[in-house]
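Novice: Using only what follows, build the 3D model:
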Amino acid sequence: MAPTVFSGSSHPDLSKKICERLQQEVAKATLKKFSNKETSVELQESVRGKDVYLVQTAAGEVNDHLIELLIMIAACKTASSSRITAVIPTFPYARQDKKDKSRAPISAKLVANMLTTAGADHIITMDLHASQIQGFFDIPVDNLYAEPAILKFIKESIPDWQTSVVVSPDAGGAKRYTMTLVGSVEGKVAILVDDMADTCGTICMAADKLVEAGAEKVYAFCVHGVFSGPALTRLNASKFEAVVVTNTMPQEENMKMCSKIQCIDISMILAEAIRRTHNGESVSYLFSHVPIC
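Specialist: Alright, predicted model coming up:
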């Protein structure tokens, strides 16, 4: 029996690509809002005794999509699903993973509690901002990596990638307003890597510093392309050759407004993770390989 895959409203295109790779249709569900903005979920297919996968990412209206996912989990639970897996390519509130100031909440832990309480049995996510978030759950969590797909893209798309220099724009996740360059980038291709591109202030500043230091070309590779606030304006004015992200979040509109943005499709990784989980196979193969499917 094939896995049953439902799509939330945050990224239906990704859900469709996942199901195409699994050679099946997206399961039917009605997702809407009442006039008072309450979320309504109605599953149009039986899930009794089935292995169900709910695809929902933290994009756009993050709070609405989180509540929608929780309601979808609850709907599957009360409809007697055998196992419910939440496939969350970009985990919501992942940057609020610690108590970094007085009286601050650990919101990522709250989200983990909400997902578990709603009835999720398993979580599949990608490139968590902080790996310790996995410890917030008492259910299995598979944190996949986009690194194999990014490495494949670099080898296929960047000339002379063998002599390029990889640069981290921040230290230990703590964003800095000044950047000290350690090492030489003179006459080389510089590749900036980060897990998330949000307002893009840090990476644009880093690109300026690298060009000043003599870098021939500068590329940025970020897994999650949030691009909020002034991000697109900054990127259009930046010195990047390209800013490459994955489709853990929808990128069609961003790519129209900024020609420097390029997108790597990671649906094959998520589809293979679903297939392997459904069949009781190891998922660790995906940590270092791009599946062919």
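Novice: Could you use CA atoms for every contact and neighbour count after this?
Specialist: OK.
Novice: List the contacts of residue 260.
Specialist: Residue 260 makes contact with 235, 236, 240, 241, 242, 243 under the criterion C-alpha atoms under 8 Å, 6 or more residues apart in numbering.
Novice: Please read the previous query as pertaining to residue 244.
Specialist: 219, 220, 221, 222, 261, 262, 263, 264.
Novice: same check, this time on residue 71
Specialist: Residues counted as contacts of residue 71 (C-alpha under 8 Å, 6+ apart) are 41, 118.
Novice: cutoff 7 Å now
Specialist: residue 41 (C-alpha atoms under 7 Å, 6 or more residues apart in numbering).
Novice: State whether it is indeed within a strand.
Specialist: No. Per DSSP: H, G, I helix; E, B strand; the rest coil, residue 71 lies outside any strand segment and is helix.
Novice: please renumber so the chain begins at 20
Specialist: All right, first residue 20 from here; so that's residue 90.
Novice: can I assume residue 46 sits in a strand?
Specialist: No. Going by three-state DSSP, the assignment for residue 46 is coil, not a strand.
Novice: Not counting sequence-adjacent ones, nearest residue to it?
Specialist: Leaving aside its sequence neighbours, residue 46 sits nearest to residue 25 (C-alpha to C-alpha, 6 or more residues apart in numbering; 5.0 Å).
Novice: shouldn't the one you found be in contact with residue 74?
Specialist: Yes. Counting by C-alpha atoms under 7 Å, residue 25 touches residue 74, with 6.3 Å between them.
Novice: most neighbours, which of the contacts of residue 263?
Specialist: When neighbours are taken as other C-alpha atoms under 10 Å, the top entry among those is residue 240 (27 neighbours).
Novice: So that residue: helix, strand or coil?
Specialist: Classified using three-state DSSP, residue 240 is strand.
Novice: The residue nearest the centre of the chain and residue 263, how far apart?
Specialist: By C-alpha atoms, centre = their mean, the chain has its centre lying nearest to residue 109, at 3.2 Å. Distance, residue 109 to residue 263, by C-alpha to C-alpha, to the nearest Å: 16 Å.
Novice: next one: residue 187
Specialist: From residue 187 over to residue 263 the distance is 15 Å, taken as C-alpha to C-alpha.
Novice: Buried ones in stretch 59-66, by neighbour count?
Specialist: 60, 62, 66 (16 or more other C-alpha atoms under 10 Å).
Novice: Show me the beta-bridge partners of the first one.
Specialist: Looking back up the chat, that one is residue 60. For residue 60, the beta-bridge partners are residue 50 (DSSP bridges).
Novice: Would you reformat the buried residues of stretch 59-66 as CSV and include distance to residue 93 and pLDDT?
Specialist: Converted to CSV, the buried residues of stretch 59-66 look like this (distance: C-alpha to C-alpha, whole Å; pLDDT from 0 to 100):
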residue, distance to residue 93, pLDDT
60, 10, 96
62, 11, 97
66, 12, 97
